[in-house]
Each structure stands twice: as C-alpha cells, then as structure tokens.
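Got a predicted model here, sequence first, then my questions.
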Amino acid sequence: QQNQKRGNQGNKNLYQVSQQRFNVTQSIQPDSTWTPLKDFNKLTLEKLGIDISKLKVVNKAIYGNIYQINESFEEEVSPYNPKLLKRYENMKFYGNTNTPFDSELLKMDDSVNIYTTDKILAVIMTCMYNAHPWHLKIKKLGDKIFIEKMENSEVDMVTVNESDNTSTIYDDSNINSYKNLNIEATLINEFIKEQILDIKEETKFEDTKPNPFKDDEDDDNEVEHLGYVYRLWNLEGMKILVRSQVHAYNPLSIEEKSESEENEEKEEEEEENEENEEKNQGYEFINVFALNEFDKNSYLNKESNLGASLIKKELKNNYLKLAKWGILSYLGGVKNLKIGFVTRKDVKSNEKHVISTIYNLGTDDLLLLTNFSKNIAWGIFKEIISLIKNYKEDGSFILMKTFGESSAKSLLKLYKVPDSYFKNQEENDDE
C-alpha cells in the first residue's frame, strides 16, 4: 500500500484527484451536537426565486497566467482528424474551492460580507439537479461569512452521466465506476484546457498579478495556466466576493469591440440586470471544458458530429455538468466557451483519449439550453446566507445536500455545528 501511494504521487495529477472521497448514499452523518436550522425540499427551493434586476457586479482583481487559444490547433481538430489528448501528468492543477483568498485582497474592500468561489457557488445553485450528496463548511465571523469545501471533498470533481442514475456503477474495480469516471472526466478537463492554449510570451495576458497559489520553487511550466478573477457581487446589500477561474482570453479587434459594445447596449435595454464593467476592454475571457464518452465512440461519427446536436443529446444525462459550466462562466464574466468532445481511443482503457471536435458556444446560449433560472439560483443562495447572517451567534455551519432528487423529500439541510467539528474532521482525514 505504501509503495502504491508513492507510485501515485509520482503522477501528481492522478494522486491529487484520486484522494477525493466519493460518497454514494450520504456524504456526512449529522450527530446529536448538530442544531438543525432549515430543511428544504425541491418544491420549497423552486419558490425561492427573487428579482435580480438590480444585481450588480464589479471586477476587483485578476491573478494568474492567462494565454490565448491556439487557433490552428482548434481548426485542425475534427472527426476526420481527431487529435490525441495530451496528458500533463506532473503539472499542478488547483481546485478552485478551498484554497485561501489572497491576504491583500481581503484587506482591499472592507465592505465584503461573503467570501466564496465560483465552483462552490455553482454547487449551491445547482443543488436541485444533483442526485448525489455533498456538504460544505461555512464559518460566520461577525459580519463576514466564508463558504468552503471540506478537505478531500468531491464537490469540484467533474461528473459523468450524473443525471442518469440507472446506469451508475459503484464497484471501483470497474474502470466505468462512478468514482473512476469522475476522476477520468476531471483529468480530461484539466488536460484539454492546457493543450488548447498558445503558450508563448506574446500571447500572454499582461494585466494580471502573479498566481497566488504558485509555490516559489514551482517552475511556470509545472503549474496550470489560467486566471483567477475576483468579482464583487452586490445582491440586495449582500457584498459577495467570488473568485472565478478563467481559462483563456481573446484579444478583440476594433470591429469585434464595437460589435460587443452594441450587443451589450441592446442587452441592457432589454434586461438591466448587471453592471458590466468589461465595456471598452480590448479582450474577452474564454472557458474551456470537455464532454467525454466512455462506452462508445459516437463522437467520431463523421456523419452526425455537429456540436449543437451533440450538446442537446448530452443534456439528457449531463444536465448538471452543462448547467454548472454555464454558471461558472457567467460568474467569471466569460461570454464564450469552447467545449471539446473527447472519447477513449479504446473503450476498454481510460488512459488514452482523442479530441474529435471543439465547439464554440456562448455562455447565455448554454444557460438558455439548460433552461437554468438565475433568479431561483440567487434566491437559494440568498436564503441560505440570510439564515446564517441572522443566526444569534458566530460559529460553524454545514450545508448538506442529501441523496436523491425527489420533489417531496428533503434535498438541502442547514446545520449549526460545534466549532471543533471541522478541526476534528481534518485531523481524522490526516490520519
């Protein structure tokens, strides 16, 4: 066992991802020291929609190393010319859920009430559509609230066919088990957003601060290339600082810039719901994701490989994943996504993959396809924060998603827990 652990650590990516805990029936068990505060079912959650016409957002800072997309690579990929997915075995990929906020930024704006990340917010906002359990830790200190994941939690893993419970396998000796498919999909999504970049000095985004999570001894080529955008949202007086990942950027020509401004003006006339401070900027951010299949090679079908039709097919079994990608991009101020379609080179092996297509899709178009309601999503978040904010004392809380999607059954539970609980849990995990 010890030798196996050392071997896995040689492959930094696989070791890091495989340490996540995968839960089938319940991610955590409440005990007698927990105080229940609220219990939501799906019908209750659906009624929490709010008016977000006055929701505002401001960009506060950009960190990291952001590069342009390699357009020639993107143009070459097709079912007629699939490209082997490159594996970045020893590159460090950081989950964007429980890494600490930059200390300088914490001092930058005293008005902030809530600190969290795009992936955490997306988990909460999609709670009604997730059949699997999860839990988050929340701390209240005065008028400040911090929302994070627990150590080794799986909440930021990329799922596969999560909307199709009937075909789920939980035997980890099978490469197509729930756990193994999530690890495979997570690695694919990490790898493709590196491979698609054009990494050279002249394509690097200039207006950023250094990556706050990069260790001094790390070489630039050993750390994932992306950006962290800190955006301050104002939701009915709640000041929410969200750290979002952006994967790439595209410099806009004068014509594209003018067209972008015209579109934004039209959107504001139709729906004045966000303060978009990206006006007059000569660039736009891009996010890169990958849908992957494991039991067939239909993505390589030259007759039916049209991105739009493939995405509509994937909505049936991967609604949650696609909705999350739309929310992540929306929260990061990303207007456009690139979605790769990746399949196994051999369906019996999860180690080699090919990219058959890269499809371009607007963030708003993806959210429209998923029929996702921002009003309900922000309403759920507001309700949870209000309960914690109005609680009589500071302390620790757990937000827990239960197993299943039944409309009448409890889906979401909020508890007050002893302050020692998180420390004890982390000590147990270390053991």
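In hand now; what should we look at? Numbers count the residues shown, from 1 in each chain.

ok, the closest residue to residue 409 other than its chain neighbours to residue 138 distance?
Nearest residue to residue 409, sequence neighbours excluded (Cβ to Cβ, 6 or more residues apart in numbering): residue 41, at 6.1 Å. From N, CA and C alone the C-beta is placed, and that goes for glycine too. Distance of residue 41 to residue 138, computed by Cβ to Cβ, to the nearest Å: 21 Å.

In terms of neighbours, single out the busier of these two.
residue 138 (23 against 16; other Cβ atoms under 10 Å).

gap between that one and residue 298?
Distance from residue 138 to residue 298, by Cβ to Cβ: 42 Å.

Phi first, then psi, for the spatially most central residue of the chain.
Central residue of the chain (Cα atoms, centre = their mean): residue 119, 3.8 Å from the mean position. Residue 119 adopts backbone torsions of phi -70, psi -40, taken as degrees, to the nearest 10.

Pretty sure it sits against residue 325.
No. Counting by Cβ atoms under 8 Å, residue 119 does not reach residue 325; the two are 10.9 Å apart.

Below-threshold pLDDT in the stretch 101-250 of the chain: ranges please.
The stretch 101-250 of the chain contains residues with pLDDT under 70 at 101-105, 163-167.

now the helices for it?
103-108, 118-125, 178-195 (DSSP state H, counting those that start in this stretch).

counting contacts, what elements does the longest one pack onto?
Same thing as helix 178-195. Using 3 or more Cβ pairs under 8 Å, 6 or more residues apart in numbering; DSSP states H and E, the elements in contact with helix 178-195 are helix 12-18, strand 283-293, strand 336-344, strand 353-362.

Pull up the pairing partners for the last one, direction included.
Strand 353-362 has its sheet partners listed here by DSSP bridges as strand 83-84 (antiparallel), strand 336-344 (antiparallel).

Of the ones you listed, flag the one that's most buried.
Here the criterion is mean neighbour count by mean count of other Cβ atoms under 10 Å, and of those the winner is strand 336-344, at a mean of 23.

angle of that strand against helix 178-195?
Here strand 336-344 runs at an angle of 120 degrees relative to helix 178-195 (axes from the mean of the first three to the mean of the last three Cα atoms, to 10 degrees).

Can I get strand 336-344 in CSV, CA atoms only?
Provided in CSV are the C-alpha atoms of strand 336-344 (Å, rounded to 0.1, in the frame of the first residue of the first chain):
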residue,chain,number,x,y,z
ASN,A,336,-17.9,32.4,-24.7
LEU,A,337,-17.0,28.7,-24.1
LYS,A,338,-15.1,26.1,-26.1
ILE,A,339,-16.4,22.6,-25.5
GLY,A,340,-14.3,19.7,-26.6
PHE,A,341,-15.8,16.3,-27.4
VAL,A,342,-13.4,13.6,-26.1
THR,A,343,-13.6,9.9,-26.4
ARG,A,344,-11.5,6.9,-25.4
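
quick one, that strand and strand 283-293 angle?
Going by the same axes, to 10 degrees, strand 336-344 is angled at 20 degrees with respect to strand 283-293.

Tell me how far the residue nearest to the centre of the chain lies from residue 147.
Counting by Cβ to Cβ - residue 119 and residue 147 are separated by 11 Å.

give me every residue that touches residue 251.
Counting by Cβ atoms under 8 Å, 6 or more residues apart in numbering, residue 251 touches 68, 282-283.

Does it have any beta-bridge partners, and if so which?
Using DSSP bridges, the bridge partners assigned to residue 251 are residue 283.

any idea how far it lies from residue 227?
For residue 251, the distance to residue 227 (Cβ to Cβ) stands at 14 Å.

so how many other residues sit close to residue 246?
Neighbour count of residue 246, defined by other Cβ under 10 Å: 24.

Now do the contacts for it.
Contacts for residue 246 (Cβ under 8 Å, 6+ apart) come out as 66, 226-229, 285-287, 332-334.

Include distance to residue 422 and neighbour count when you put those into CSV, please.
Output for the contacts of residue 246, formatted as CSV (distance: Cβ to Cβ, whole Å; neighbours: other Cβ atoms under 10 Å):
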residue, distance to residue 422, neighbour count
66, 33, 25
226, 28, 24
227, 30, 23
228, 24, 27
229, 28, 24
285, 33, 24
286, 36, 23
287, 31, 23
332, 28, 23
333, 32, 19
334, 32, 25
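
out of those, which are inside strands?
The members of the contacts of residue 246 that map onto strands under DSSP state E are 227-229, 285-287.

Now do the buried residues in stretch 295-311.
Neighbour counts over stretch 295-311 (16 or more other Cβ atoms under 10 Å) mark 297, 299-300, 305, 307, 310-311 as buried.

Mind listing residues that contact the helix or strand harbouring residue 382?
Applying DSSP states H and E as the criterion places residue 382 in helix 374-389. By Cβ under 8 Å, 6+ apart, the surrounding residues in contact with helix 374-389 are 37-38, 45-46, 48-52, 55, 113-114, 121, 124-127, 138, 140, 143, 145, 235-236, 238, 327, 330, 367, 397, 399, 412, 414.

again, only this time at 7 Å
With Cβ atoms under 7 Å, 6 or more residues apart in numbering as the test, helix 374-389 has contacts from 37-38, 45-46, 48-50, 52, 55, 114, 121, 124-125, 127, 138, 140, 145, 235-236, 238, 397, 399, 414.

who's in contact with residue 125?
327, 377, 380-381.

swap the cut-off to 6 Å and go again
327, 377 (Cβ atoms under 6 Å, 6 or more residues apart in numbering).

now the one 5 residues further on
Taking Cβ under 6 Å, 6+ apart as the criterion, residue 130 is in contact with residue 320.

Residue 387 versus that one, what's the distance?
Taking Cβ to Cβ, one finds residue 130 at 20 Å from residue 387.

Likewise for residue 140?
Going from residue 140 to residue 387 by Cβ to Cβ gives 10 Å.

between the contacts of residue 251, which is closest to residue 207?
Proximity of the contacts of residue 251 to residue 207 (Cβ to Cβ) peaks at residue 283, which lies at 8.7 Å.

got the contact list for that closest one?
Listed by Cβ under 6 Å, 6+ apart, the contact partners of residue 283 are 249, 251-252.

ok, residue 355 - how many residues close by?
By other Cβ under 10 Å, 28 other residues sit near residue 355.

Contacts only, for it.
Shown in contact with residue 355 (Cβ under 6 Å, 6+ apart): 77, 83, 85, 340, 342.

Strands of the stretch 151-300 of the chain, start to end?
197-198, 227-235, 238-246, 248-251, 283-293 (DSSP state E, counting those that start in this stretch).

can you list those in a markdown table and add distance to residue 134?
A markdown table is the format used below for those (distance: least, Cβ to Cβ, whole Å):
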| stretch | distance to residue 134 |
| --- | --- |
| strand 197-198 | 30 |
| strand 227-235 | 22 |
| strand 238-246 | 19 |
| strand 248-251 | 28 |
| strand 283-293 | 20 |
